[in-house]
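> Fold the following.
(one chain, ligands or ions: 1)
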Amino acid sequence: MIITSGGNSIKIAKALARQLKAVYSPLTISSFPDGDIYLKFNTALKGKTLVIVQSFQPHADQSLLRIFFAAKTAKDLGARKVILVAPYLAYMRQDTRFHPGEAISSRIMAEMLNKSVDKIITLDPHLHRYKSLKEIFTIPAVKITANEALAGYIQKHCTNEIIMGPDGESYQWAEDIARRIHIQATVLHKTRFSSRQVQVKMVTPIPIKGKNVVIVDDIISTGHTIAEAAKQAKKMGARSVTAIGVHGLLVENALLKLKKAGVNTVITTNCIEHPTNRIDITPLLLRELRKER
Ligand code: R5P
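Purely as a prediction, here's the structure:
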């Protein structure tokens, strides 16, 4: 087994290689003067299983293209199997045509991967209108969840807490995590007006006064969703608010926005490298990759 990366997730790729006793072989990737991609493998691939570890952030478009070029080249060079490990899989939120003429990006991304890699392993992909990855992937597509790691973190670091999911889709994280550590959870209802404007409402009220509220979501992007949930929690008398995101995209001053909304601490997994990373998902990926040996 050879492990490489397309420029993101290098730490995870190296850690996986170390623990699997596999070779980590970096790709040479650069651009020609006109901007065309240049990509080169630096190890023999004939008959090997190649694992490309690549989160689609930062630079989702570039990541997808690099994976496509790398996987196609690996096959061309005789690799037996190409597995993509994508701790964060982008494009999944555009899972329908919300407005006439829009691209359904998730389908196009999946089509490119179906044509280039043999298997994909990803962590908490954004499944909303799709119920399963099978709806867009024809290759084996394995979804793993970080819930176990998130629950472990909350149990170790929080007290007198309740879990809050900021929108309907977040029940898959909020309720499961709460069940694992035997605490209460509530899920808010979110209305999204645009990619930067949302409104949340509590549908099943639970006592929040004096509680340490832990808001969990799959993605923290601009921070608007969690900021609105945090404001609700504070209004209802929360003692503190912690925000935990599996995928911390944290774009457009999200951290500042969250702070202003009353969030005391922001915690993310290392699916996307960021100073807020506190939860390591490498063991979850390792468990899955061991099945390939
Ligand atoms: C979408 O429903 C996701 O689960 C997240 O809630 C959303 O992507 C967060 O985006 P933002 O931080 O920009 O509100």
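> drop to CA atoms for contacts and neighbour counts, all remaining ones
Fine.
> Tell me the predicted confidence for the closest residue in space to residue 67 that isn't next to it in sequence.
Among residues not flanking residue 67 along the chain, residue 6 sits closest, at 6.5 Å (CA to CA, 6 or more residues apart in numbering). With respect to pLDDT, residue 6 scores 96.
> And residue 202, by the same measure?
What the model reports for residue 202 is a pLDDT of 83.
> Give me the neighbour count for the nearest residue in space to it that is not next to it in sequence.
Closest residue to residue 202 apart from its sequence neighbours, by CA to CA, 6+ apart: residue 188 at 4.6 Å. By other CA atoms under 10 Å, the residues close to residue 188 number 22.
> How about the secondary structure of residue 188?
strand (DSSP: H, G, I helix; E, B strand; the rest coil).
> wouldn't it be in contact with residue 165 here?
Yes: contact criterion CA atoms under 8 Å: residue 188 and residue 165 qualify, at 6.1 Å.
> who's in contact with the residue nearest to residue 202?
Applying CA atoms under 8 Å, 6 or more residues apart in numbering, we find residue 188 in contact with 164-168, 200-204, 229.
> Those residues, buried ones only, as a PyMOL selection?
A single PyMOL command selects the buried members of the contacts of residue 188 (16 or more other CA atoms under 10 Å):
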select buried, resi 164+165+166+167+200+201+202+229
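> which parts of the stretch 101-250 of the chain sit against the ligand?
217-225 (CA under 6 Å from any ligand atom).
> my read: residue 262 touches residue 233, true?
No: here residue 262 lies out of contact with residue 233, judged by CA under 8 Å, at a distance of 9.0 Å.
> Find the residues that touch each one of the two.
Common contact partners of residue 262 and residue 233 (CA under 8 Å, 6+ apart): residue 241.
> Report the residue spans of the stretch 1-150 of the chain with pLDDT below the cut-off.
Across the stretch 1-150 of the chain, nothing is flagged by pLDDT under 70.
> quick one on the thing from earlier: okay, the residue nearest to residue 202 and residue 232: tell me how far apart.
Separation of residue 188 from residue 232 (CA to CA, to the nearest Å): 10 Å.
> all helices of this structure, in order?
Counting by DSSP state H, the segments of the chain that form helices are 10-20, 60-76, 105-114, 147-157, 171-180, 224-235, 254-260, 282-289.
> Out of these, which is closest to residue 29?
Closest to residue 29 of the helices of the chain, according to CA to CA: helix 60-76, at 8.5 Å.
> Now tell me what touches the closest one from outside.
Outside of helix 60-76, the residues within contact range by CA under 8 Å, 6+ apart are 6, 8, 39, 41, 45, 50, 52, 54-57, 81-82, 90, 109, 112-113, 116-117.
> How far does it sit from its chain's centre?
Distance, stretch centre to chain centre, for helix 60-76: 19 Å (CA atoms, centre = their mean, to the nearest Å).
> Flag every buried residue along that helix.
63-75.
> Alpha carbons of it, in CSV - could you do that?
Output of helix 60-76 as CSV, limited to C-alpha atoms (Å, rounded to 0.1, in the frame of the first residue of the first chain):
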residue,chain,number,x,y,z
ALA,A,60,-12.2,22.4,-3.1
ASP,A,61,-12.0,22.9,-6.9
GLN,A,62,-8.2,22.4,-7.0
SER,A,63,-8.5,19.4,-4.7
LEU,A,64,-11.0,17.6,-6.9
LEU,A,65,-8.9,18.2,-10.0
ARG,A,66,-5.7,17.0,-8.3
ILE,A,67,-7.5,13.8,-7.1
PHE,A,68,-8.8,13.2,-10.6
PHE,A,69,-5.4,13.7,-12.2
ALA,A,70,-3.6,11.6,-9.6
ALA,A,71,-6.1,8.7,-9.7
LYS,A,72,-6.1,8.6,-13.5
THR,A,73,-2.3,8.7,-13.6
ALA,A,74,-2.0,6.0,-10.9
LYS,A,75,-4.2,3.7,-12.9
ASP,A,76,-2.2,4.5,-16.1
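> now, of the helices of the chain, which is deepest in the fold?
Of the helices of the chain, the one with the most neighbours on average (mean count of other CA atoms under 10 Å) is helix 224-235, at a mean of 24.
> so what secondary structure elements neighbour that helix?
Counting by 3 or more CA pairs under 8 Å, 6 or more residues apart in numbering; DSSP states H and E, the packing neighbours recorded for helix 224-235 are strand 197-202, strand 212-220, strand 240-248, helix 254-260.
> let's go with 7 Å and repeat that
With contacts taken as 3 or more CA pairs under 7 Å, 6 or more residues apart in numbering; DSSP states H and E, helix 224-235 sits against strand 197-202.
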